[in-house]
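>>> Task: produce atomic coordinates for the following.
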Amino acid sequence: MYVKIIPSNQIMSSDKIVSPAETPEHFNIEAGNPAIALTPVLAQRVEAVRAKLIASGISEKDVADACAWARRPKE
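Okay, the predicted model is just below:
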């Protein structure tokens with residue numbers, strides 16, 4: 001199937017390509033020679049991220065400490 005690159009360097013594709021029930025908003029792109037592959041990526045919901053943090057043993061205090069460390073004045 002053909003797609004068109006519009007002047008703003010965006011790709012315009014047919015609805016047939018993105019018509020599955022859950023159309024992803026994000027894609028992982030891999031550029032090879034001469035092919036370009038787009039793979040749909042489902043964005044994780046915040047609840048899933050929180051569950052992963054809890055499963056990893058990372059607490060809210062750990063996150064707050066990390067933010068404070070990252071925002072500290074640079075020497």
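>>> neighbours of the closest residue in space to I17 that isn't next to it in sequence, just the number please.
Distances taken as CB to CB, 6 or more residues apart in numbering put M1 closest to I17, at 6.6 Å, once the chain neighbours are dropped. C-betas here are computed from N, CA, C, even on glycine. Residues near M1, counting by other CB atoms under 10 Å, number 6.
>>> tell me the contacts of I6?
I6 makes contact with M12 under the criterion CB atoms under 8 Å, 6 or more residues apart in numbering.
>>> Show the pLDDT at it.
Predicted confidence (pLDDT) for I6: 88.
>>> So it versus H26, what's the distance?
20 Å (CB to CB, to the nearest Å).
>>> next one: A37
From A37 across to H26, the span is 14 Å (CB to CB).
>>> which residues of the chain fall in helices?
46-55, 60-70 (DSSP state H).
>>> Could you point out which residue ranges in the protein have low pLDDT?
Applying pLDDT under 70 to the chain picks out residues 18-23.
>>> just checking, the residue nearest to I17 touches I11?
No - look at M1 against I11 with CB atoms under 8 Å: they stay out of range, at 11.7 Å.
>>> How many residues are close by I58?
Look at I58: counted by other CB under 10 Å, it has 13 neighbours.
>>> Next up, phi/psi of it, please.
Per-residue torsions, I58: phi -100, psi 120 (degrees, to the nearest 10).
>>> Serialize the helices of the chain to a markdown table and add fields for mean neighbour count and distance to I17.
Below are the helices of the chain laid out as a markdown table (neighbours: other CB atoms under 10 Å; distance: least, CB to CB, whole Å):
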| stretch | mean neighbour count | distance to I17 |
| --- | --- | --- |
| helix 46-55 | 10 | 27 |
| helix 60-70 | 10 | 38 |
